[in-house]
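In: Have a look at this prediction, sequence included:
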Amino acid sequence: MATKPRRATAAFAIFLLTTAAAAGILTDKPHSEAPYALLFGTVFGADDRPIYGVKITIRRSDQKKPKWELVSNHSGEFAQRVPAGAADYIVTADVKTPKGQPKPEVTVHVDNDERKEFNLHLK
């Protein structure tokens, strides 16, 4: 009778080990995620209050089309991972502006794998 609980315990232990190995917990390999920088911004209105639901586009300064599109959350915040390395990014709020006036934007410079915090003020 003592063999049934031992078999169940052994089977459970084998299950845990194979699950952990499949999940990568027991491997010695470093995490293979590529390094990145984080652009973290907050959108403020003319009254200096955070604005929810503003469409944000992000592009490298040497490119014409935006690569990322985001929407600010209830705190007016948004975040986007970008590749690590020296680069300038143009962050633009996609809002209606009077004719002839450019959309609010800010240039953010990244040197390496770092977090850059900035504000985007709407007029």
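Out: All right, it came through fine.
In: continuing past the one helix or strand in the chain whose mean pLDDT sits lowest, what's the next helix or strand?
Out: Ranked by mean pLDDT, DSSP states H and E, the weakest helix or strand in the chain is helix 3-23, scoring a mean of 67. Next along the chain after helix 3-23, taking DSSP states H and E as the criterion, comes strand 36-44.
In: Who are the packing partners of that next one?
Out: strand 55-60, strand 77-83, strand 87-93, strand 105-110, strand 115-121 (3 or more Cβ pairs under 8 Å, 6 or more residues apart in numbering; DSSP states H and E). Placement of C-beta: from N, CA and C, glycine included.
In: which parts of the first one are buried?
Out: Looking back up the chat, that one is strand 55-60. The neighbour-count criterion (16 or more other Cβ atoms under 10 Å) identifies Ile56, Thr57, Ile58, Arg59, Arg60 as the buried residues of strand 55-60.
In: do the fourth one as well
Out: Neighbour-count burial for strand 105-110, counted by 16+ other Cβ under 10 Å, picks out Val108, Val110.
In: okay, that strand in CSV with CA atoms only?
Out: Provided in CSV are the C-alpha atoms of strand 105-110 (Å, rounded to 0.1, in the frame of the first residue of the first chain):
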residue,chain,number,x,y,z
GLU,A,105,5.3,67.3,-30.7
VAL,A,106,8.5,66.7,-28.7
THR,A,107,11.9,65.2,-29.7
VAL,A,108,13.3,62.6,-27.3
HIS,A,109,17.0,61.5,-27.6
VAL,A,110,17.9,58.0,-26.5
